[in-house]
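Peer 1: model the following, please.
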Amino acid sequence: MKALIIDDERLARDALRRLLAAHPEVKIVAEAANCDAALRAIEKTSPELLFLDVEMPGGSGFELLEKLPAVPAVIFTTAYDAHAVRAFEVSALDYLLKPIAADRLAAALQRAQRALAESPGNPADLQGLSVTQQIFVRDGDRCWIVRLTDISLMESEGNYTRLYFGSNAPLIFRSLSAIAQRLKADTFFRANRSQIVNLNWIEAVQDDFDGRLTLKLRTGRRIEISRRQSRNLKELLSL
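Peer 2: Numbers count the residues shown, from 1 in each chain. Take a look at the predicted model:
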């Protein structure tokens with residue numbers, strides 16, 4: 001696993017590097033002391049795994065993840081247990097409290113290996129988001145690291161976009177058009193001006209009398225496809 005250590009404390013980075021020396025499966029490709037340096041290192045090295053501190057000068061770990069189009073596997077390393085645990089208890093790969101214990105690090109690395117085995121490809125790819133990749137989502141004080149494959153629908157609300165996955169529907173400050181530019185068309189389809197559907201979530205397709213299609217998603221939602229996009233979807237699905 002190619003790993004990047006992001007922590008503003010040099011002693012903390014050194015301590016983690018010493019612990020990782022016992023895990024030859026992990027290759028440390030770079031270190032960074034702040035968000036700007038981390039962004040440059042991620043673009044240069046395409047790491048599979050981030051060891052990420054939460055509180056750093058110049059921007060938090062949360063803010064760093066929000067700037068990434070695709071999020072690698074993340075293990076949080078922090079001294080702020082209440083803050084990190086509350087925010088990421090439903091979505092983090094793992095979080096380690098400083099000083100990091102060797103057994104907790106080993107368990108976290110096992111989780112990382114399993115997660116990467118289930119998501120082939122380069123999770124830090126900046127050229128386009130495939131369905132196996134994951135993104136960071138924050139809505140108020142709730143945070144998720146969600147795989148694109150789990151998102152069934154994206155819906156425009158002005159300059160915001162609502163994402164539907166599981167029982168969650170957070171609203172994020174990104175326009176649907178901006179998101180669409182990064183999605184691969186073989187999985188995510190622009191149904192109309194306000195909705196993008198994940199084709200893997202389609203349960204049934206209804207061909208209406210006027211030539212338009214209506215999709216029924218596995219979530220129960222029904223999505224009306226514009227006339228122009230209905231023609232495109234028919235070609236895509238060979239209907």
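Peer 1: ok, then the element right after the helix or strand bottoming out on mean pLDDT in the chain?
Peer 2: In the chain, no helix or strand scores lower on mean pLDDT, DSSP states H and E than helix 81-88, which sits at a mean of 72. Using DSSP states H and E, the helix or strand that follows helix 81-88 in sequence is strand 94-97.
Peer 1: okay, domains of the chain per the record?
Peer 2: 2-118, 151-237 (automatic domain parsing).
Peer 1: what's the span of the shortest one, first residue to last?
Peer 2: The straight-line separation of the ends of domain 151-237 (CA to CA, to the nearest Å) is 20 Å.
Peer 1: does R162 touch N168 like I think?
Peer 2: No. Look at R162 against N168 with CB atoms under 8 Å: they stay out of range, at 10.0 Å. All C-beta spots, glycine's among them, are computed from the backbone N, C-alpha and C.
Peer 1: overlap in contacts of these two?
Peer 2: Residues touching both R162 and N168 (CB atoms under 8 Å, 6 or more residues apart in numbering): there are none.
Peer 1: quick check: mean pLDDT of the helix or strand harbouring A178?
Peer 2: Using DSSP H and E, A178 sits within helix 176-180. In this model, helix 176-180 has a mean pLDDT of 91.
Peer 1: can you give me the buried ones in that helix?
Peer 2: Neighbour-count burial for helix 176-180, counted by 16 or more other CB atoms under 10 Å, picks out L176, I179, A180.
Peer 1: most tightly packed of the domains of the chain?
Peer 2: The highest average neighbour count among these, using mean count of other CB atoms under 10 Å, belongs to domain 2-118 at a mean of 18.
Peer 1: which SSE is immediately downstream of the helix ranked longest in the chain?
Peer 2: In the chain, with assignment by DSSP state H, the single longest helix is helix 102-118. Remark: after helix 102-118, the chain's next helix or strand is strand 134-139, criterion DSSP H and E.
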